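Novice: turn this into a structure:
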Amino acid sequence: MTINTYALSRTERVWLLFGVTMLVSAAFYGSLAARAVRAMLRPELALFLLDFPVLLLISLCAGFFLSAAGHYVVRILLKEKVMRRTKHG
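Specialist: This is a model prediction of the structure:
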């Protein structure tokens, strides 16, 4: 087995990059929105301006991370299955 067998593919790296980007965006937006919400008089708007977008960005981040992990697992399992077939027949 070679060293690069378990390396991430280009697609997996892109999915992880998107996930990190969404996580950084959630942190950046959350800090900016927290400043704006503190200045508001109506707290019910805080739910829409602060919580929902941050939760959306975090869920997108988790989705990208899970997609990258799933893609990696499927690729490794299929590669092992092909290796077994070529060895046995």
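
Novice: CA only for contacts and neighbour counts going forward, please
Specialist: OK.

Novice: what about residue 41, which helix or strand?
Specialist: Using DSSP states H and E, residue 41 sits in no helix or strand.

Novice: tell me what whatever helix or strand residue 79 lives in is packed against?
Specialist: In this structure, residue 79 is located in helix 52-88 according to DSSP H and E. Applying 3 or more CA pairs under 8 Å, 6 or more residues apart in numbering; DSSP states H and E, one finds that helix 52-88 contacts helix 10-38.

Novice: where are the low-confidence patches of the protein?
Specialist: 1-5, 83, 85, 87-89 (pLDDT under 70).

Novice: for residue 61, which non-adjacent residue is spatially closest?
Specialist: Leaving aside its chain neighbours, residue 61 sits nearest to residue 19 (4.2 Å; criterion: CA to CA, 6 or more residues apart in numbering).

Novice: surely the one you found and residue 67 touch.
Specialist: No - taking contacts as CA atoms under 8 Å, residue 19 lies outside contact range of residue 67: 9.5 Å.

Novice: what residues sit buried inside stretch 21-28?
Specialist: 22, 23, 25, 26 (16 or more other CA atoms under 10 Å).

Novice: let's see it as PDB, backbone CA atoms only.
Specialist: Taking Å, rounded to 0.1, in the frame of the first residue of the first chain, the C-alpha atoms of stretch 21-28 are listed here in PDB:
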ATOM      1  CA  THR A  21     -15.400  28.800   5.200                       C
ATOM      2  CA  MET A  22     -18.900  28.400   6.600                       C
ATOM      3  CA  LEU A  23     -17.700  28.100  10.100                       C
ATOM      4  CA  VAL A  24     -15.500  31.200   9.900                       C
ATOM      5  CA  SER A  25     -18.500  33.000   8.200                       C
ATOM      6  CA  ALA A  26     -20.700  32.000  11.100                       C
ATOM      7  CA  ALA A  27     -18.300  33.300  13.700                       C
ATOM      8  CA  PHE A  28     -17.700  36.600  11.800                       C
END
